[in-house]
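Trainee: Predicted model and sequence below, questions to follow.
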Amino acid sequence: MPHVPAPVIEKLGCTMFNDPWNPSSYEVKEWAYTIGAIEPCQDWDLSLAWVGFEDDFIGYASDASCPNADYFLHILYFMVGDSVRSKFNSTHESSVREFIKLGYASKNHKVRLWAQRATNLINHPEAFDYESWCGGQLAKSAT
């Protein structure tokens, strides 16, 4: 691995976190608004699912000035998709439905589209496809 100077690492987001698997809302917000940020660890999206910052994630995904808005759109898809995939094993269906309601209030078309797709998935769980929901395909194709 090539040596990367500390200021560059900090800029990209590698040292922004005391513990990337247990980030604070402040650390996540700082990362969200860092241009060129990279995930602080592999599978960081797993650590962000259902940590209590769901309102923030919808806000970041909705904010056209957020340089990592698309990453947070992926998180929204991942959270719902993984919940449906696991038959709501780790998160109650009612909590997921309340989360989705927040998306309908967004002024951002991509987030409202996520809310529509998420509602449809909960109503038709047989339509779940891992790559689409957890692998990022739906988030990347949102227009």
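Mentor: Thanks, I have it.

Trainee: State the three-state secondary structure for the nearest residue to residue 51 once chain neighbours are set aside.
Mentor: Leaving aside its sequence neighbours, residue 51 sits nearest to residue 23 (Cβ to Cβ, 6 or more residues apart in numbering; 7.4 Å). (Glycine included, C-beta is placed from N, CA and C.) State at residue 23, reduced to three classes by DSSP: H, G, I helix; E, B strand; the rest coil: coil.

Trainee: Could you count how many residues lie near residue 23?
Mentor: By the measure other Cβ atoms under 10 Å, the count of residues near residue 23 is 21.

Trainee: Distance of the nearest residue to residue 62 once chain neighbours are set aside relative to residue 63?
Mentor: For residue 62, ignoring the flanking residues on the chain, the nearest one in space by Cβ to Cβ, 6+ apart is residue 108 at 3.9 Å. Distance from residue 108 to residue 63, counting by Cβ to Cβ, to the nearest Å: 8 Å.

Trainee: now swap in residue 132 and tell me
Mentor: Distance from residue 132 to residue 63, counting by Cβ to Cβ: 24 Å.

Trainee: Residue 92 too?
Mentor: Distance, residue 92 to residue 63, using Cβ to Cβ: 28 Å.

Trainee: The two: which is more packed in?
Mentor: Shown here are residue 92 and residue 63; by other Cβ under 10 Å, residue 63 has more neighbours (18 against 11).

Trainee: Return the residues in contact with the more buried one.
Mentor: The contact partners of residue 63, by Cβ atoms under 8 Å, 6 or more residues apart in numbering, come to 69, 108.

Trainee: go on, residue 94?
Mentor: With Cβ under 8 Å, 6+ apart, residue 94 has no contacts at all.
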